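Trainee: Sequence plus the predicted model coming up.
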Amino acid sequence: MSSLSLPDTLPGPRRPSPSSVPSLRWGVLGTGWIASRFVASLQASTSQQVAAVGSRTQASAEAFAAAAGIERAHGSADALVGDPDVDVVYIATPHHLHRSGALLAVDAGKHVLVEKPIGVNAVEAQEISAAALAAGVFCMEAMWTLFLPRLDVVRQVLGAGLLGDVRTVLADHGEHFDPPHRILDPAVAGGSLLDLGTYVTTLATWALGPATRVQASGEMTATGVNGQAAMLLTHAGDATSVLHSTLLTRTPTSGTIAGTEATLTLPGPFFMPGDVVVTSADGSRCVTWTDPEPIGHGALFHSALEVARCIGEGRLESPLHPATSVQANLRVLDEVTRQLGITCSPTA
């Protein structure tokens, strides 16, 4: 029988409202799928200003700007980061270009939000963060899940000790992709790990701390990228996380954080808005927080609000997702990559 009593309701989220943070002028580097959704989310739900977009060609930038109602379009990354009316640059390029884009923005004295993963390995992540710190500009990985109201409910449940001694994390993320999707292209650091696996390893290292041991198995695709990976992580005190990512099949994409007193479940997709369910260890009680936000990428704006909040407070990184945590996660993926014999393409 559980010695802890679950409350009648779970705590509400404490995320900042759009009106409580400074309105920044954003420059978006990249004109792909995630860039369009990020811009749409900011425009629909915040007072943040999308001032400019940059791409490798002027035509691509102008087409994106026209579709999104953005005033200025730049035909190069240099022109975007040099725009005096841009306060912060959102890096929305393919993975292998994150490092170069982020360093370019930092070198221009711009704050930067880098789409996840911030780099293709822990070395790149450290290089970007160190450069931002030296330049005195804010830098954050856009792991949007951690800034959702849903995850702040989880944060408070863990902080209150409602789960008891947390021993286990279970998480999977599987989606099916067909050619010619970039995730199948090794030349742009494709594969399941950096796109999908980073969500499950982030959840595990966020809840249990850095991994002390990593065991992995998996398979490759015909195109030469990782198709799926099963990962068994050991954390401090021998706590364990069992994780899986795949681009071959659609899986439940659920997440579980289990302790000695209760179990917290994030019905799939765990990385998007959704409910939080806490069930006592003996199964006698269950409490649910229901997310008012719809499932989907319309919630990407929460990461931008975190950037604006931190910059307004004079911070150079987010306490919710600091550089040390980002690097701990990427070290796990580096070790998985090593064990699976995956060779990453050179960075740009």
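Mentor: Structure's in. What do you need?
Trainee: got the phi/psi numbers for the residue at minimal distance from the centre of the chain?
Mentor: With distances taken as C-alpha atoms, centre = their mean, residue 143 lies nearest the centre of the chain, 1.6 Å away. Backbone dihedrals for residue 143, given as degrees, to the nearest 10, come out at phi -80, psi 80.
Trainee: same deal with the one 10 residues further on?
Mentor: For residue 153, the backbone dihedrals are phi -60, psi -50 (criterion: degrees, to the nearest 10).
Trainee: same deal with residue 168?
Mentor: According to degrees, to the nearest 10, residue 168 has phi -140, psi 140.
Trainee: would you list every one of the helices in the stretch 51-200 of the chain?
Mentor: For the stretch 51-200 of the chain, the helices defined by DSSP state H, counting those that start in this stretch cover 58-68, 77-81, 98-107, 122-135, 149-159, 192, 198-208.
Trainee: elements contacting the first one?
Mentor: Using 3 or more C-beta pairs under 8 Å, 6 or more residues apart in numbering; DSSP states H and E as the contact criterion, the secondary-structure elements in contact with helix 58-68 are helix 33-45, strand 49-54, strand 72-74. Every residue, glycine included, has its C-beta placed from N, CA and C.
Trainee: quick one: low-confidence parts of the stretch 1-150 of the chain?
Mentor: Counting by pLDDT under 70, the stretch 1-150 of the chain shows low-confidence ranges at 1-3.
Trainee: Can you dump the C-alpha atoms of the helix or strand residue 278 falls within in PDB for me?
Mentor: Using DSSP states H and E, residue 278 sits within strand 276-280. This file holds the C-alpha atoms of strand 276-280, laid out as PDB (Å, rounded to 0.1, in the frame of the first residue of the first chain):
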ATOM      1  CA  VAL A 276      -0.900  13.800 -17.500                       C
ATOM      2  CA  VAL A 277      -2.100  10.700 -15.500                       C
ATOM      3  CA  VAL A 278      -0.800   9.800 -12.100                       C
ATOM      4  CA  THR A 279      -1.800   6.400 -10.700                       C
ATOM      5  CA  SER A 280      -0.900   5.100  -7.200                       C
END
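Trainee: Tell me which helix or strand comes right after that strand.
Mentor: strand 286-289.
Trainee: ok, and what's touching that next one?
Mentor: 6-12, 150, 153, 275-280 (C-beta atoms under 8 Å, 6 or more residues apart in numbering).
Trainee: Closest to residue 96 out of the residues you listed?
Mentor: The shortest approach to residue 96 among the contacts of strand 286-289 belongs to residue 150, at 30.4 Å (C-beta to C-beta).
Trainee: isn't the closest one right next to residue 266, touching?
Mentor: Yes: at 7.3 Å, residue 150 and residue 266 qualify as touching, with contact defined as C-beta atoms under 8 Å.
Trainee: that older thread, just so I know, which of the helices of the stretch 51-200 of the chain lies nearest residue 222?
Mentor: Here helix 192 is closest among these (C-beta to C-beta), at 14.2 Å.
Trainee: about what we covered before: most neighbours of all the contacts of strand 286-289, which one?
Mentor: residue 276 (26 neighbours; other C-beta atoms under 10 Å).
Trainee: For it, give me its contacts.
Mentor: 10, 150, 153, 154, 157, 264, 265, 266, 288, 289, 291.
Trainee: I'd like to know how far it sits from residue 157.
Mentor: In this view, residue 276 and residue 157 are 7 Å apart by C-beta to C-beta, to the nearest Å.
Trainee: what residues are shared contacts of those two?
Mentor: Taking C-beta under 8 Å, 6+ apart as the criterion, residue 276 and residue 157 both touch 10, 264.
Trainee: okay, now residue 172: neighbour count?
Mentor: Residue 172 has 22 nearby residues by other C-beta under 10 Å.
Trainee: Can you read off the pLDDT for it?
Mentor: With respect to pLDDT, residue 172 has a value of 98.
Trainee: Now for it: which residues touch it?
Mentor: 200, 243, 244, 245, 246, 251, 252, 253, 254.
Trainee: Tell me the one of these nearest residue 193?
Mentor: Nearest member of the contacts of residue 172 to residue 193, counting by C-beta to C-beta, is residue 245, at 6.3 Å.
Trainee: quick check: angle from whichever helix or strand residue 228 is part of to helix 198-208?
Mentor: In the assignment (DSSP H and E), residue 228 maps to strand 226-234. Strand 226-234 and helix 198-208 are oriented at 10 degrees to each other (axes from the mean of the first three to the mean of the last three C-alpha atoms, to 10 degrees).
Trainee: chain center to strand 226-234, what's the gap?
Mentor: Taking C-alpha atoms, centre = their mean, to the nearest Å, one finds strand 226-234 lying 18 Å from the centre of the chain it belongs to.
Trainee: Likewise for stretch 295-303?
Mentor: 11 Å.
Trainee: same deal with stretch 316-335?
Mentor: When C-alpha coordinates are averaged (C-alpha atoms, centre = their mean), stretch 316-335 and its chain have centres 10 Å apart.
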